[in-house]
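Asks: sequence and predicted structure are below.
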Amino acid sequence: MKVLLLYIDPGSGSYLVQMIIAGVLGTLFYFKNMWRRIKSFFGKTKEKDLPKNNH
Amino acid sequence: MPGHITHSASFRDPSGFVFLKKGIVYRQVNHSYAADYELLMQSGLYQRLTEEKLLIPHTEVDENLTGSPHWYKTLLPQQLFFISYAYEWSFSQLKEAADLTLKILEIAIAYGMCLKDANSFNIQFHEGALVLIDTLSFEKYDASRPWVAYRQFCESLLFPLYLSHYLKTDLQKWLVVYPEGIPVALISRLLPAKSRLSLGSWLHVYLQNRIRSDNPVGNRSVSFTREKMQTLTRHLRSEVSRMTLSGVAISPWSNYYDETILGGGYLHEKEIIFRAFLEGIDFGSALDIGANNGYFSKILAGAGKNVIAIDSDHQCIDSLYRSVCGNTDGTIIPLCADIANPSPAIGFRNTERPSFIQRAKADLVSALAITHHLALGKNIPLERIAGLLADLTNSYLIVEYVPLTDKMAQQLIKVKSQYHSPYDEPTFENSFSHYFVIERKSRIPGTERVLYRMRKC
């Protein structure tokens, strides 16, 4: 199988990487946003400072 | 149709190609790219990118100049003064090229298009700023697909920045060996362990390398979204913006004029002679060799000329770039190039990317306080130095002779056992007389140095 790698476009696999990266970043953003909302609930951060985008 | 020459680097993209006719550069759009080209022009994307000076503007020529059966349109782009490559750029230049690519991608997506190419060769200096020159880099955006040029962007732009950032040294010259970018398998072995602690480098380098190894068939059915694409591009831009060379040791050339005997009066006297030499000669472009902080490049550019300023010292070029970036009144293109070992010709048939010497022709060459470094420091005979400078200039040369008695020349020969002798003023003049006629000669007051203005025979 190893030899077959020579015939594969070097870009192969980059789609999967981007899926994972976008997933990881999206999840981190979600938790970061949630943490800010919790802090906001306890009055440490103003609600208006929170980012609106929460994907 | 006779009379056109296809550009040696323009053969990979089936969408079209660049060609030269009567010394003018054109770009042909092929039928296969017609839909994407019309989308670029009709969607408002072209107008937005050219207004913001991110993409090279062009006009359409309603004529098939190549006689090609695939012809759809002929574009006449604004002509570039000089083509340079990422292995001649400083850290800040590379960083700006990476950011420019991502910025264009973000704007393109908003207009329903995407960048299908993201390599450094498509970015060039034009009127004081970096611009994308490949008008055919855009394609219709399909939100369900990730970015097709992600790997290319990483290897050709992001990874060289990672290397410089983590190793705190300029490593762009490695791109001569890896013109299409640093392979992910290589960079994952080169970066220091601390890079694993950063989410960005972990995702883009180590994870990508792992997936590359584990998933040879890759690109299996995936579903992406516009939001995911935006998250990715935003993250890449923040990665690029956190790259820095701060903490790198200051090079001895960085404050050369300020901290050596060459400061103050000497520089002022030299400037007076230099300006007098420029009077009464006609030139459109200049090449300043050993430009250092660009003191004399700026004088040349001040006359409204296009100037290529080169120095082997990366920090000097980086600082010069930051000081002239965006200056459109007389353009300076600062490049990292060692005139004793300039960039070679590379790529397919060694013609895809011409050597620096093949590209760097100018009407006037300025070689101030450089010949003693070549003659005494690198043992290059004076006649060969004169031959090199004659190759580079179309007409004029302003060159400085630094005698052996000069303090800086003494430093060069202090630890040397031998150099080509005689090294004196008559030999200097005789060596240059094989290629040039000496038109003006002036001793710099307070020194034994001599400035010459010569014209190529």
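Replies: Yep, that arrived.
Asks: which SS state does the residue most central in space within chain B fall under?
Replies: Centroid-nearest residue in chain B, with Cα atoms, centre = their mean: B:Ser84, separated by 3.5 Å. On the three-state scheme (DSSP: H, G, I helix; E, B strand; the rest coil), B:Ser84 is labelled coil.
Asks: dig out what the residue nearest to it when sequence neighbours are not counted forms beta bridges with.
Replies: Nearest residue to B:Ser84 in three dimensions, chain neighbours excluded: B:Leu335, at 5.5 Å (Cβ to Cβ, 6 or more residues apart in numbering or on different chains). From N, CA and C alone the C-beta is placed, and that goes for glycine too. Under the criterion DSSP bridges, B:Leu335 forms beta bridges with B:Ile310.
Asks: B:Leu335: neighbouring residues, count only.
Replies: Using other Cβ atoms under 10 Å in any protein chain shown as the criterion, B:Leu335 is surrounded by 27 other residues.
Asks: ok, now B:Lys22?
Replies: B:Lys22: 7 neighbours (other Cβ under 10 Å).
Asks: which regions of chain A lie under the pLDDT threshold?
Replies: Along chain A, segments meeting pLDDT under 70 span A:1-13, A:44-55.
Asks: same question but for the stretch 1-150 of chain B, I mixed them up
Replies: B:1-2.
Asks: excluding chain neighbours, what is closest to the residue of it found nearest chain A?
Replies: Going by Cβ to the nearest Cβ, chain A is nearest to B:Pro146 of the stretch 1-150 of chain B, at 3.8 Å. Excluding the flanking residues, the one nearest B:Pro146 by Cβ to Cβ, 6+ apart is A:Gln18, at 3.8 Å.
Asks: what strand or helix carries the one you found?
Replies: Using DSSP states H and E, A:Gln18 maps to helix A:14-41.
Asks: and that helix, what other elements does it pack with?
Replies: For helix A:14-41, the elements it packs on are helix B:150-153, helix B:208-214, helix B:226-242, judged by 3 or more Cβ pairs under 8 Å, 6 or more residues apart in numbering or on different chains; DSSP states H and E.
Asks: now tabulate those helices in JSON lines and tack on distance to B:Leu191 and mean neighbour count.
Replies: Formatted as JSON lines, the helices and strands packed on helix A:14-41 follow (distance: least, Cβ to Cβ, whole Å; neighbours: other Cβ atoms under 10 Å in any protein chain shown):
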{"stretch": "helix B:150-153", "distance to B:Leu191": "17", "mean neighbour count": "24"}
{"stretch": "helix B:208-214", "distance to B:Leu191": "10", "mean neighbour count": "18"}
{"stretch": "helix B:226-242", "distance to B:Leu191": "13", "mean neighbour count": "18"}
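Asks: so can I have CSV of those showing distance to A:Ala22?
Replies: Formatted as CSV, the helices and strands packed on helix A:14-41 follow (distance: least, Cβ to Cβ, whole Å):
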stretch, distance to A:Ala22
helix B:150-153, 11
helix B:208-214, 13
helix B:226-242, 4
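Asks: mean pLDDT lowest for which of those helices?
Replies: Ranked by mean pLDDT, the helices and strands packed on helix A:14-41 bottom out at helix B:208-214, with a mean of 78.
Asks: now B:Lys298: which helix or strand?
Replies: With DSSP H and E as the criterion, B:Lys298 is inside helix B:295-302.
Asks: I'd like to know which elements that helix is packed against.
Replies: Judged by 3+ Cβ pairs under 8 Å, 6+ apart, the packing partners of helix B:295-302 are helix B:265-278, strand B:285-289, strand B:306-311, helix B:314-324, strand B:332-336, strand B:362-367.
Asks: need these in a markdown table (columns: distance to B:Leu190 and mean pLDDT).
Replies: Converted to a markdown table, these look like this (distance: least, Cβ to Cβ, whole Å; pLDDT from 0 to 100):
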| stretch | distance to B:Leu190 | mean pLDDT |
| --- | --- | --- |
| helix B:265-278 | 41 | 94 |
| strand B:285-289 | 32 | 96 |
| strand B:306-311 | 26 | 95 |
| helix B:314-324 | 18 | 91 |
| strand B:332-336 | 20 | 95 |
| strand B:362-367 | 36 | 97 |
